[in-house]
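Asks: mind folding the following:
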Amino acid sequence: MINRLRLLRNIGLFDSVTDGTYIPLARLTLVYAENGRGKTTLAAILRSLATGDPIPIAERRRLAAQDPPHVVLDCDGAPPAMFQNNEWNRTLSDIVVFDDVFVDENVCSGLGVLSEHRQNLHELILGTQGVALNQRLQGLVERIEAHIASLRDKAAAIPAGERGTLSLDEFSALPARADIDDAIRDAERRLAAAREQDPVRNTPLFDPLSLPAFDVYTIGRILQEDLPSLDAAAAARVQAHMAGLGPGGETWINEGIRRVPQAASGARPSTCPFCVQDLARSSVINHYRAYFSAAYADLRRRVSEALGEVYRTHGGEAPAAFERTVRVAVERRQFWSRFCDVPDLAVDTAAIVGEWRTAREAVAAALTAKQAAPLERITLAQEARAAVTAYEARRQTFGRLNDALQEANGAIRLVKEQAAAGNAAAIANDLSRLRAVKGRHTPTIGALCDEYLAEKAAKAQTEQQRDAARAALDQYRTNVFPGYQTAVNLYLQRFNAGFWLDSVTSANTRGGPTCTYNVVINNTPVAVAGGTPLAGQPSFRNTLSSGDRNTLL
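Replies: Numbering: from 1, shown residues only. Below is the predicted model of the structure:
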């Protein structure tokens, strides 16, 4: 409470006034004077004391005064309120000055009602508690605006090309996938297959690939065979005789012994077909007949068949056919690898054919030797066995490759089915989304999206706080506003304002909570909810100052 006006110096009409020291101010004090006696200056001093703003005093400094304004007011508490050197040593925030400045700032300017008038009146109606609620609401609104600006900046930092057709929120919300690379590859293959349905439908699967094996066991048995029924002495006698005949002797005798029975069918059955001598006294003819028996002929036949089988299976066109088969498989792999997983066909056909030929020639040489001497037991040479072993290793490796290709045929069949029923546009959309997922979770873009989402979540949380603050303010206003219109109009009537307020209500705008009301002039209401200009300029020249204990009129 202000008790005395001890000093008013160099302000308006007050040169140096100390008479107020002897005039105590009561709870209700009337100050009456004609115009131009300093009532407005006194209201300006009180307004400056309430707010601490020096301008209301500084702008009223006396002209030609050598010293700046100086004010000393005796107030409750110590020390006295003193304005000196363009500042107060203390303020009284519970002072409210109701004058033309107040009306101009809070009700109307005389020419129109602006948005700031309605907002200021709104705060005046609310009081300290309501203003605190309103300030919290406005602070939250400003925070939301800051969130919006920050979101705009963070959104601009995320490259639009990474999102494809997705919105920024959809892109940022994409979940990560551990198999994203595999998923993208599969989608790319399905899309390629859907776009090339005819080639996919018409290209065959992998044909079976194989290399023939050498039957080393059977060949070895044939090479070791002789005639078990042949007497060892007879065989030795014949072999000793044939040894002196030179190369091809055994074959020559075999052919000749077949003619002996024919000659013997004539008049002289035991005559030699070559020298017409009697064979009855020959010591080796019977050995020849035992040696070159049916079993001997059968053995020679099996040796010849084994040799023919080697050339038939491993010679002739077999190597060339093998190389053609591999070449076709390589071409098909190049096609199908665009749509599914296909094993690599890194086959050194030249090396395989070379080892194959070496093994074939080694086996064929052994059988040829056996064919020349059917009754001689032959063992497959170490070099031949090594060649066959090397070829067999190649054959098994190739066999495993063939198994993998046959397994890939299952995936190829699935590709054919999907291509026949595939929708290229839908697959392309899926692929675009998968690429967006990968881009979203790269380190750089991921960090930008996380910052965007964090800012968005913070904005949502602030919006919840704003809604709660607005609800609290609305509840408070519901209780405060009804009685304020009557109180304001009472003072307007006392001061002969010539107008009064009607339909005072609160409203929420983007700029903040405000008042809407009608100013009634000459019993004609003028709506000022949108700042409609008034028809006249009401005059305010009376001052109301209210504290905790005194009012100055």
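Asks: center of this structure, which residue is that?
Replies: Taking C-alpha atoms, centre = their mean, the centroid of the chain lies closest to residue 437, which sits 2.5 Å from it.
Asks: how near is that one to residue 178?
Replies: Computed as C-beta to C-beta, to the nearest Å, the residue 437 to residue 178 distance reads 11 Å. (Glycine included, C-beta is placed from N, CA and C.)
Asks: where's the residue nearest to the centre of the chain, which helix or strand?
Replies: Using DSSP states H and E, residue 437 sits in helix 424-440.
Asks: who does that helix touch, helix- and strand-wise?
Replies: helix 168-172, helix 180-195, helix 443-494 (3 or more C-beta pairs under 8 Å, 6 or more residues apart in numbering; DSSP states H and E).
Asks: rerun that using 6 Å as the cut-off
Replies: helix 180-195 (3 or more C-beta pairs under 6 Å, 6 or more residues apart in numbering; DSSP states H and E).
Asks: for the residue nearest to the centre of the chain, give me its contacts.
Replies: Taking C-beta atoms under 6 Å, 6 or more residues apart in numbering, we find residue 437 in contact with 174, 177, 180.
Asks: which residues of the stretch 151-300 of the chain score low on pLDDT?
Replies: Flagging of the stretch 151-300 of the chain using pLDDT under 70 yields the residue ranges 227-246, 248-295.
Asks: show me where it has its helices.
Replies: 168-172, 180-195, 197-202, 216-224, 232-243, 249-257, 260-264, 285-291, 294-314 (DSSP state H, counting those that start in this stretch).
Asks: how far out from the middle of the chain is the second one?
Replies: Averaging C-alpha positions (C-alpha atoms, centre = their mean, to the nearest Å) puts helix 180-195 17 Å from its chain's average.
Asks: what of the last one?
Replies: Averaging C-alpha positions (C-alpha atoms, centre = their mean) puts helix 294-314 70 Å from its chain's average.
Asks: if I take it and helix 216-224, what angle do their directions form?
Replies: 140 degrees (axes from the mean of the first three to the mean of the last three C-alpha atoms, to 10 degrees).
Asks: what is helix 294-314 packed up against?
Replies: Under the contact rule (3+ C-beta pairs under 6 Å, 6+ apart), helix 294-314 is packed against helix 216-224, helix 349-372.
Asks: how near is the residue nearest to the centre of the chain to residue 444?
Replies: With C-beta to C-beta as the criterion, residue 437 and residue 444 are 15 Å apart.
Asks: same deal with residue 214?
Replies: From residue 214 over to residue 444 the distance is 62 Å, taken as C-beta to C-beta.
Asks: neighbour count: these two, which is higher?
Replies: In this view residue 214 and residue 444 are compared by other C-beta atoms under 10 Å, and residue 214 has more residues nearby, 22 against 11.
Asks: hang on, isn't that one packed against residue 389?
Replies: No. The criterion here is C-beta atoms under 6 Å, and residue 214 misses it with residue 389 at 9.8 Å.
Asks: now for the nearest residue to residue 332 once chain neighbours are set aside: which residues touch it?
Replies: Distance criterion C-beta to C-beta, 6 or more residues apart in numbering; nearest residue to residue 332, sequence neighbours excluded, is residue 206 at 6.0 Å. Neighbouring residues of residue 206 by C-beta under 6 Å, 6+ apart: 329, 405, 409.
Asks: are any of these buried, and which?
Replies: For the contacts of residue 206, a burial check counting by 16 or more other C-beta atoms under 10 Å picks out 329, 405, 409.
Asks: okay, those in a markdown table with secondary structure, pLDDT and distance to residue 153 next?
Replies: Compiled in a markdown table, these are given as follows (DSSP: H, G, I helix; E, B strand; the rest coil; pLDDT from 0 to 100; distance: C-beta to C-beta, whole Å):
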| residue | secondary structure | pLDDT | distance to residue 153 |
| --- | --- | --- | --- |
| 329 | helix | 94 | 58 |
| 405 | helix | 94 | 56 |
| 409 | helix | 94 | 55 |
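Asks: tell me the one among the residues you listed nearest to residue 318.
Replies: Distances from residue 318 to the buried ones among the contacts of residue 206, taken as C-beta to C-beta, are shortest for residue 329 (16.6 Å).
Asks: among the contacts of residue 437, which one has the most neighbours?
Replies: residue 174 (18 neighbours).
Asks: ok, and the closest non-adjacent residue to the residue nearest to the centre of the chain?
Replies: Per C-beta to C-beta, 6+ apart, closest to residue 437 is residue 174, 4.9 Å.
Asks: wait, isn't residue 80 in contact with residue 71?
Replies: No. With contact defined as C-beta under 6 Å, residue 80 does not count as touching residue 71 (9.7 Å).
Asks: higher neighbour count, those two?
Replies: residue 71 (22 against 16).
Asks: looks to me like that one is in a strand.
Replies: Yes. Assessed by DSSP: H, G, I helix; E, B strand; the rest coil, residue 71 belongs to a strand.
Asks: what are the bridge partners for it, then?
Replies: Here residue 71 sits in beta bridges with residue 8, residue 83, going by DSSP bridges.
Asks: just checking, it touches residue 83?
Replies: Yes. In this structure residue 71 lies within contact range of residue 83 using C-beta under 6 Å: 4.0 Å.
Asks: shared neighbours, these two?
Replies: Counting by C-beta under 6 Å, 6+ apart, nothing touches both residue 71 and residue 83.
Asks: and the strand or helix carrying residue 44, what does it pack against?
Replies: Secondary structure assignment for residue 44, by DSSP H and E: helix 39-51. For helix 39-51, the elements it packs on are helix 55-58, strand 96-98, judged by 3+ C-beta pairs under 6 Å, 6+ apart.
Asks: quick one, which of these is nearest to residue 380?
Replies: helix 55-58 (120.8 Å).
Asks: how many neighbouring residues does residue 353 have?
Replies: Neighbour tally, residue 353, other C-beta under 10 Å: 17.
Asks: shaky segments in the chain?
Replies: Looking at the chain by pLDDT under 70, you get 100, 103-128, 227-246, 248-295, 482, 508-515, 523-553.
Asks: who's in contact with stretch 354-372?
Replies: Contacts of stretch 354-372 (C-beta under 6 Å, 6+ apart): 214, 223, 303, 306-307, 310, 314, 378, 380, 384, 387-388, 390-391, 394.
Asks: repeat that for 8 Å
Replies: Applying C-beta atoms under 8 Å, 6 or more residues apart in numbering, the contact partners of stretch 354-372 are 211, 214, 216, 219, 222-223, 248, 250-251, 300, 303-304, 306-307, 310-311, 314-315, 319, 376, 378, 380-381, 383-384, 387-388, 390-391, 394.
Asks: next: stretch 377-385.
Replies: 216, 219-220, 223-226, 359, 362-363, 365-366, 369-370.
Asks: who wins on neighbours among those residues?
Replies: residue 363 (28 neighbours).
Asks: thinking residue 45 is in contact with residue 71, fair?
Replies: Yes. If you go by C-beta atoms under 8 Å, residue 45 and residue 71 touch, sitting 5.9 Å apart.
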